Every structure is written in structure tokens, then in C-alpha cells.
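Novice: Take this sequence and fold it.
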Amino acid sequence: MASVLRAFLKRIIQKGTLEVEAADGERFRIGDGTGSLVAIRFSDRAAERQLLLNPALAFGELFTDSRIVVTRGSIYDVLELASSNLTVHEPPGLAKALTTFRTALRRIEQRNGRQRAKRNVAHHYDFDDRLYDLFLDADRQYSCAYFEQTGQSLEDAQLAKKRHIAAKLLTEPGQSVLDIGCGWGGLALYLAEFCDAEVIGITLSEEQLKIARLRAKQRNLATRAKFRLQDYRTVPERFDRIVSVGMFEHVGVGYYNAFFDNAARRLANDGVMLLHSIGRMDGPSSTNPWIAKHVFPGGYIPALSEVLPAIERAGLVVTDIEILRLHYAETLRAWRGRFLARREDAKALYGERFCRLWEFYLAASECSFRHSGLMVFQIQLARRQDAVPLTRNYVTQREAALRAKDCSQVAAE
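Specialist: Numbers count the residues shown, from 1 in each chain. As a prediction, this is how the structure comes out:
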């Protein structure tokens with residue numbers, strides 16, 4: 001078995017250095033000998049077989065269950081080594097075949113009707129509140145930050161993200177805003193406080209709803225920022241502005257028409273919408289099976305080629321697209337560092353196995369943005385071409401005005 005394992009891994013790792021200890025005790029090194037040495041050990045022969053048969057699913061499960069142990073370096077180092085090699089070399093034939101098969105079945109896997117969508121959200125978001133406090137910023141922004149400069153803190157980058165989105169929305173005082181997938185309410189509260197908007201935030205997470213309502217009350221914003229446990233398909237009102245951040249990844253490829261058709265009906269004739277979502281640069285594919293099973297069931301990261309046709313069919317006008325390339329990689333690096341710094345607290349909440357799963361999730365996600373063609377797109381939409389100014393100068397101008405407000409508030413706190 002060790003010889004088969006060696007041949008398999010040798011096809012993947014051609015640059016860098018990986019040392020492997022097989023279950024029978026045999027050790028071997030693969031790669032070209034460059035870079036820092038990274039080492040792993042297999043605890044049993046069945047683990048080796050599982051990795052060979054379905055590496056995309058098995059590797060995360062084997063690490064989570066301590067059947068693959070990193071003996072030198074970290075799990076991030078192992079994943080970074082593998083993902084950087086896979087950008088240069090084709091994955092093994094069986095792995096490619098499994099990806100093709102999963103892509104063909106993705107509409108079945110992503111059948112996100114209302115009840116299933118709610119269960120999927122609960123799977124990831126309805127944890128003990130203390131878990132997310134371990135690694136998120138104080139505002140609990142669980143989406144890509146916007147790093148305006150190298151070395152910017154996570155708190156400042158998340159504030160910059162809210163400011164950037166608010167500027168693109170062109171929100172005026174008194175306007176109504178729908179926040180689809182509002183999370184713990186941070187963006188909705190920002191729009192209510194600094195743009196004087198009337199915001200309705202909707203979520204399918206009962207835990208997020210509870211926290212969002214409490215935060216609105218604590219900040220005396222409950223009359224301007226209201227939150228509902230509601231599916232986007234059941235919202236009846238029309239709004240001057242619509243925003244959705246980090247929710248579209250949970251919609252499912254079979255529901256894009258419904259999502260944008262509903263958005264078009266809910267958006268005022270002179271309204272503006274901003275969609276912020278993770279995307280893939282290399283075209284349509286399938287969700288990583290480990291992520292789909294253990295982290296985001298029903299989730300899918302779309303290519304722009306899948307999103308734009310649905311927008312066109314809904315009769316919406318694309319007024320701007322911005323691609324944020326490595327911003328999420330830096331966000332995930334910050335989250336991972338914070339999580340590892342408070343790993344013992346996470347262990348006290350959910351145990352060692354959960355910590356290994358969560359560390360793998362954060363490390364694998366960061367590697368995907370650095371090496372595997374993931375990015376974040378922000379699409380600005382309208383019903384009319386003249387709903388936004390002719391040039392993008394207004395973004396910088398509005399960001400400056402908002403910065404004067406929100407930074408003074410932060411300083412006062």
C-alpha cells in the first residue's frame with residue numbers, strides 16, 4: 001500500500017518537500033527538496049485507502065479524526081503545499097472524474113427549498129454564540145473584509161467593507177433597505193446609523209436573529225433596523241435599496257432565476273442593489289465534498305458565467321462589477337490566527353475533534369483563495385441605467401463622507 005500511496009502523492013507534490021510516514025512505518029519524501037519540510041503520518045492502512053479513493057472528501061475527514069497527523073508544520077502548511085502544486089499540475093484522473101460526476105449532480109445536492117434552506121443555515125450558524133466571538137471582529141462580520149492597505153487590522157478592514165458597500169448602494173436618509181441574509185445585523189445597523197436608512201434584515205438563523213435584535217435595541221436603532229426570520233422568497237414589500245452579503249453562496253444553482261426575479265420585483269424602479277458573494281474564476285464546477293458534508297450543506301460558489309444570465313433574464317441592469325481577489329485570503333488568515341490563539345476556549349465548547357474540523361475549514365478556505373481560483377465579486381444592479389452616476393467617482397466621495405462619521409464614532413467608543 002505504501003508504494004501505491006507514494007506514487008499517488010508524487011503525482012501531486014512535485015515542488016516543495018513532503019515527508020510521509022505510512023501506516024506500516026515506512027517513510028519517504030516527495031517533491032523537489034525545496035522549501036520548508038512538511039510531514040504527515042497515517043495512523044492506519046484504511047486511512048491510506050480512503051485517501052486514494054476519494055481525496056477531496058477523505059483528507060479533511062482523516063485529519064479531523066486524527067487518522068492523518070501533521071508531525072511537522074501545520075495543516076495549513078500541508079494544504080498550501082498541495083494546493084500550490086495543483087495549480088501547476090493536473091489532479092489525478094480519479095479525482096477529476098469525481099469532480100465531473102459531482103458537477104453533474106449539483107442541482108440535486110443544492111435543492112434548497114424553504115425548509116431545507118433553513119436546516120442548512122442552522123447547521124453552520126446556530127452554534128453557541130461564544131464560538132464566533134473567538135475569531136470574528138467585534139461586529140461579527142462573517143464575510144470577506146476589504147483591506148484598503150497592507151497590514152490593516154481585521155476590525156478596520158471589516159469597517160471598510162461596510163463603508164465600501166454603503167457607498168455603492170448610494171443610500172439616502174429615509175430610504176428603505178432590504179438586507180438579505182443579514183447575519184448578526186452588523187451591516188444593517190451600519191446603514192441605519194450612518195446612512196439614516198430604514199432597514200429590514202432577514203435571516204434563516206434563529207441565533208443570528210436573536211443577537212441582531214438585541215444589538216439594535218442596545219444601540220437605540222430598533223425603530224430603524226428591524227430583523228425577521230424570513231426566507232427571501234416570501235418578502236412582500238418593495239425597497240429603495242437591496243443588499244446581500246455572503247448569502248448568495250447558499251442559494252443553490254437551481255434557484256438563481258428565483259433569486260433575481262424576486263429581487264427585481266422587490267426593487268423600486270429607481271432602486272439600487274448590491275450583491276456581494278464568493279465566486280470562482282475557472283468556470284462552473286461543484287462544491288468540495290468535504291465542505292458540502294461538514295460545513296456548508298447545500299452551498300455552492302458560482303462562476304460569473306452562471307450568475308449574469310440569471311440577472312439578464314430577470315430584467316436587471318448590471319451597473320458595476322468589482323472583483324476582490326485576495327481580500328478573503330487575508331480575512332481567513334486573520335480568522336485562523338485568532339481561532340488558533342483561542343483554541344483551548346473552542347475545545348472547551350465543542351471538543352478536540354471540532355477544533356480540528358474548524359482549523360481544517362479555515363486553512364483549506366484560505367488556500368482556495370490563494371491558489372484555487374476563488375475570489376469575491378460585488379455586482380451592482382438596478383432596474384434603470386440612470387439609477388447610478390456615470391462614473392465611479394461617487395464611491396470614493398461617499399466613502400470619505402462615511403469615514404468621517406464612522407471613524408469619529410469608533411474614536412468616541
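
Novice: Now do the helices in the stretch 301-413 of the chain.
Specialist: 304-313, 327-341, 343-350, 352-371, 393-412 (DSSP state H, counting those that start in this stretch).

Novice: from what I can see, Gly271 looks like it's in a strand, true?
Specialist: Yes. Per DSSP: H, G, I helix; E, B strand; the rest coil, Gly271 lies within a strand segment.

Novice: For it, list the residues it contacts.
Specialist: The neighbourhood of Gly271, defined by CB atoms under 8 Å, 6 or more residues apart in numbering, consists of Arg238, Phe239, Asp240, Arg241, Ile242, Ala382, Arg383, Ala387. Just so you know, the C-beta spots here come from the backbone N, C-alpha and C atoms, and that holds for glycine as well.

Novice: Please indicate which of the residues you listed are buried?
Specialist: Buried by 16 or more other CB atoms under 10 Å: Phe239, Asp240, Arg241, Ile242, Ala382, Arg383, Ala387, out of the contacts of Gly271.

Novice: does the fifth one really touch Leu316, like I thought?
Specialist: Spelled out, it's Ala382. Yes. Counting by CB atoms under 8 Å, Ala382 does reach Leu316; the two are 7.0 Å apart.

Novice: which neighbours do those two share?
Specialist: Each of Leu267, Met273 lies in contact with both Ala382 and Leu316 under the rule CB under 8 Å, 6+ apart.

Novice: one step back: now the contacts of Gly271 in CSV, please, with extra columns for distance to Ile321 and pLDDT.
Specialist: CSV is the format used below for the contacts of Gly271 (distance: CB to CB, whole Å; pLDDT from 0 to 100):
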residue, distance to Ile321, pLDDT
Arg238, 24, 98
Phe239, 22, 98
Asp240, 22, 98
Arg241, 18, 98
Ile242, 16, 98
Ala382, 13, 98
Arg383, 17, 97
Ala387, 15, 97
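
Novice: which one among the buried ones among the contacts of Gly271 gets closest to Asn262?
Specialist: Ile242 (9.8 Å; CB to CB).

Novice: Three-state assignment for the closest one, please.
Specialist: Assigned state for Ile242: strand (three-state reduction, three-state DSSP).

Novice: Count residues in the vicinity of the closest residue to it other than its chain neighbours, would you?
Specialist: Of all residues not flanking Ile242 in the chain, Met273 sits nearest, at 4.1 Å (CB to CB, 6 or more residues apart in numbering). For Met273, the neighbour count with other CB atoms under 10 Å is 27.

Novice: Contact partners for Met273?
Specialist: With CB under 8 Å, 6+ apart, Met273 has these contacts: Arg241, Ile242, Val243, Ser244, Ala263, Leu267, Leu316, Gln380, Leu381, Ala382.

Novice: Next up, phi/psi of the residue lying closest to the fourth one once chain neighbours are set aside, please.
Specialist: So that's Ser244. Distances taken as CB to CB, 6+ apart put Ile180 closest to Ser244, at 4.0 Å, once the chain neighbours are dropped. With angles defined as degrees, to the nearest 10, Ile180 sits at phi -90, psi 120.

Novice: residue contacts, Ile180?
Specialist: When contacts are counted by CB under 8 Å, 6+ apart, Ile180 touches Ile202, Tyr232, Ile242, Val243, Ser244, Met247.

Novice: cutoff 6 Å now
Specialist: Going by CB atoms under 6 Å, 6 or more residues apart in numbering, Ile180 touches Tyr232, Ser244, Met247.

Novice: Pick the one among the buried ones among the contacts of Gly271 closest to Asp128.
Specialist: Nearest to Asp128 among the buried ones among the contacts of Gly271 is Ile242, at 31.3 Å by CB to CB.

Novice: count of neighbours near Gly25?
Specialist: Gly25 - counted by other CB under 10 Å - has 8 other residues nearby.

Novice: can you give me the strands for the stretch 51-200 of the chain?
Specialist: For the stretch 51-200 of the chain, the strands defined by DSSP state E, counting those that start in this stretch occupy 68-72, 176-180, 198-203.

Novice: just so I know, which of the ones you listed lies nearest Met375?
Specialist: It's strand 176-180; of those, that one is closest to Met375 (CB to CB) at 20.8 Å.

Novice: low pLDDT regions in the chain?
Specialist: Scanning the chain with the threshold set as pLDDT under 70 gives 1, 88-126, 409-413.
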